[in-house]
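Participant: model the structure of this input:
(one chain, ligands or ions: 2)
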Amino acid sequence: MTSSDRVVLIGVAGDSGCGKSTFLRRLADLFGEEMMTVICLDDYHSLDRKQRKQVGVTALNPKANNFDLMYEQIKALKEGKSVEKPIYNHETGLLDPPETVHPNRIVVIEGLHPMYDERVRGLLDFSVYLDLDDEVKIAWKIQRDMAERGHTYEDVLAAINSRRPDFDAYIDPQKQYADVVIQILPTKLIKDDTERKVLRVRMIQRDDVEEVTPVYLFDEGSTIDWIPCGRKLTCSYPGIRLHYGPDEYYGHSVSVLEVDGQFDRLEEVIYIESHLSNVSSKYYGEVTELLLKHKEYPGSNNGTGLFQVLVGLEMRSAYERLVSSGASMAAKAATN
Ligand SMILES: Nc1ncnc2c1ncn2[C@@H]1O[C@H](COP(=O)(O)OP(=O)(O)OP(=O)(O)O)[C@@H](O)[C@H]1O
Ligand SMILES: O=C(CO)[C@H](O)[C@H](O)COP(=O)(O)O
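Facilitator: Ligands and ions are numbered 1, 2, ... in the order given. Alright, predicted model coming up:
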């Protein structure tokens, strides 16, 4: 990249275990690994694990994080300068020696606090908040931490409960600033579902920001309920239900698209795609193709995968717009 290239800054926020890594893998597919540098904001923990225990704060608490350094370094990267970024080591719970990070065309800051600090928030070109309902969070965390990390059910529950006050105070409020929120909830299609395998996922899209052109179903601004199951979409129990409509979210006008249920055959998502408008794809079928490319990613067969792809495409189009407006401004300046 040259010094005149525009660095586009993307924020991906959410609690640990809410699907940020999966979303980032989808973004890397769209932008290409070499175009994108991901910064995990855990690296700005100012207190290590032992110090947090001594002081009695969680990693979610602003007191355990260095927002001045975060702002300075993210600003520098956006200005095209390299930085010496600290590293938080999750294995040891200590801070490792810093590493040099060079600017890139797209810099993604992901973690607990991309939108917490007003100064950092002001640098973002596009932001998404992954909002995982508590019951689903517990189900996912239990599945991962018990299977992969040798934790017990009680460990997982205790960890979630000990984080809750700081989560509510410092992490959750950031969703009011996001351009798009992906909300992941228990299904309404099964009465008293305890498995949490079937999900109701909502994509809450700001109507009042330039970066977002909200995706809609059938008719922009109307309220629509759609059960697409039948001849063109195979649905086994409990089926699929889509909803679209205008709403208010933290005082902003938003457009909400919702998918409850899961797809039996991913290739049939093309039927849903053909009824969506304002999708920032380059060609008809790109959404379904992107889902099919990574069937193995968690959530590919439900609204989480579909909305991650739609938000990724929106980010790609925002990136292209920002870069081309930067290039035309530079060309104008050169001719003046
Ligand atoms: N859409 C999904 N559907 C079902 N399970 C999911 C989905 N997304 C993520 N998971 C589960 O949650 C776990 C955590 O996902 P992921 O690693 O993407 O989250 P994360 O926010 O990056 O977590 P961390 O910050 O702890 O690394 C996955 O291992 C998977 O078990
Ligand atoms: O919420 C988290 C972000 O991923 C971690 O819990 C936080 O970074 C602290 O890490 P560790 O538990 O490894 O000390």
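Participant: work out for me the element L47 sits within.
Facilitator: Here L47 sits in a region with no helix or strand, counting by DSSP states H and E.
Participant: that one contacts K63, correct?
Facilitator: Yes. Assessed by C-beta atoms under 8 Å, L47 is found in contact with K63 at 7.5 Å. Where C-beta positions appear, they are placed from N, C-alpha and C, glycine not excepted.
Participant: mutual contacts of those two, please.
Facilitator: Any residue near both L47 and K63 by C-beta atoms under 8 Å, 6 or more residues apart in numbering counts here, and that gives 55, 57.
Participant: okay, these two: which has more neighbours?
Facilitator: L47 (18 against 13; other C-beta atoms under 10 Å).
Participant: which residue sits closest to the more buried one, ignoring its sequence neighbours?
Facilitator: The shortest distance from L47 to any non-neighbouring residue, by C-beta to C-beta, 6 or more residues apart in numbering, is to A64 (4.4 Å).
Participant: please enumerate the strands of the chain.
Facilitator: 8-13, 36-40, 83-89, 94-101, 106-111, 126-132, 180-186, 199-206, 216-217, 224-226, 240-249, 252-261, 276-277 (DSSP state E).
Participant: and these as a markdown table, adding mean pLDDT and distance to I142?
Facilitator: Shown next, in a markdown table, are those (pLDDT from 0 to 100; distance: least, C-beta to C-beta, whole Å):
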| stretch | mean pLDDT | distance to I142 |
| --- | --- | --- |
| strand 8-13 | 97 | 23 |
| strand 36-40 | 97 | 23 |
| strand 83-89 | 97 | 25 |
| strand 94-101 | 97 | 27 |
| strand 106-111 | 98 | 22 |
| strand 126-132 | 97 | 13 |
| strand 180-186 | 97 | 15 |
| strand 199-206 | 98 | 16 |
| strand 216-217 | 97 | 34 |
| strand 224-226 | 96 | 33 |
| strand 240-249 | 97 | 26 |
| strand 252-261 | 97 | 22 |
| strand 276-277 | 97 | 34 |
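Participant: how near is the residue nearest to L47 to L112?
Facilitator: 10 Å (C-beta to C-beta, to the nearest Å).
Participant: neighbour-wise, which of the two wins?
Facilitator: The neighbour comparison of A64 against L112 (other C-beta under 10 Å) goes to L112, with 27 against 20.
Participant: per-residue pLDDT, that one?
Facilitator: Note for L112: predicted pLDDT of 98.
Participant: how near is it to R49?
Facilitator: With C-beta to C-beta as the criterion, L112 and R49 are 15 Å apart.
Participant: can you check N89 too?
Facilitator: 9 Å.
Participant: what do you get for Q183?
Facilitator: Q183 is 31 Å from R49, where distance means C-beta to C-beta.
Participant: return the set of buried residues in the top helix by length along the chain.
Facilitator: If you go by DSSP state H, the chain has its longest helix at helix 303-335. Within helix 303-335, the residues that count as buried by 16 or more other C-beta atoms under 10 Å are 303-319, 322-323.
Participant: next one: it to chain centre, how far?
Facilitator: Centroid separation between helix 303-335 and its chain, computed with C-alpha atoms, centre = their mean, to the nearest Å, is 17 Å.
Participant: for stretch 127-139, same thing?
Facilitator: With C-alpha atoms, centre = their mean, you get 10 Å for stretch 127-139.
Participant: return it as CSV; C-alpha atoms alone will do.
Facilitator: Written as CSV, here are the backbone C-alpha positions of stretch 127-139 (Å, rounded to 0.1, in the frame of the first residue of the first chain):
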residue,chain,number,x,y,z
SER,A,127,-19.3,-1.1,12.7
VAL,A,128,-21.2,-4.2,13.6
TYR,A,129,-22.2,-5.5,17.0
LEU,A,130,-22.9,-9.3,17.5
ASP,A,131,-25.6,-9.4,20.1
LEU,A,132,-25.9,-12.9,21.5
ASP,A,133,-28.9,-13.7,23.8
ASP,A,134,-27.8,-15.0,27.2
GLU,A,135,-29.4,-18.4,26.8
VAL,A,136,-27.8,-19.0,23.4
LYS,A,137,-24.5,-17.6,24.8
ILE,A,138,-24.5,-20.2,27.6
ALA,A,139,-25.4,-23.0,25.1
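Participant: buried residues in that stretch?
Facilitator: Per 16+ other C-beta under 10 Å, stretch 127-139 contains these buried residues: 127-133, 136-139.
Participant: which residue of Q183 and R49 possesses the greater neighbour count?
Facilitator: Q183 (20 against 17).
Participant: contacting residues around the more buried one?
Facilitator: 131, 133, 201-204.
Participant: and which of those is nearest to H294?
Facilitator: Proximity to H294 was ranked across these by C-beta to C-beta; first place goes to V201, at 17.0 Å.
Participant: now that closest one: how far from ligand 2?
Facilitator: Computed as C-beta to the nearest ligand atom, to the nearest Å, the V201 to ligand 2 distance reads 22 Å.
Participant: tell me, how many neighbours does the closest residue to ligand 1 within the stretch 201-336 of the chain end up with?
Facilitator: In the stretch 201-336 of the chain, the residue that lies nearest ligand 1 is G299 (2.2 Å; C-beta to the nearest ligand atom). Residues contacting G299 under the criterion other C-beta under 10 Å number 22.
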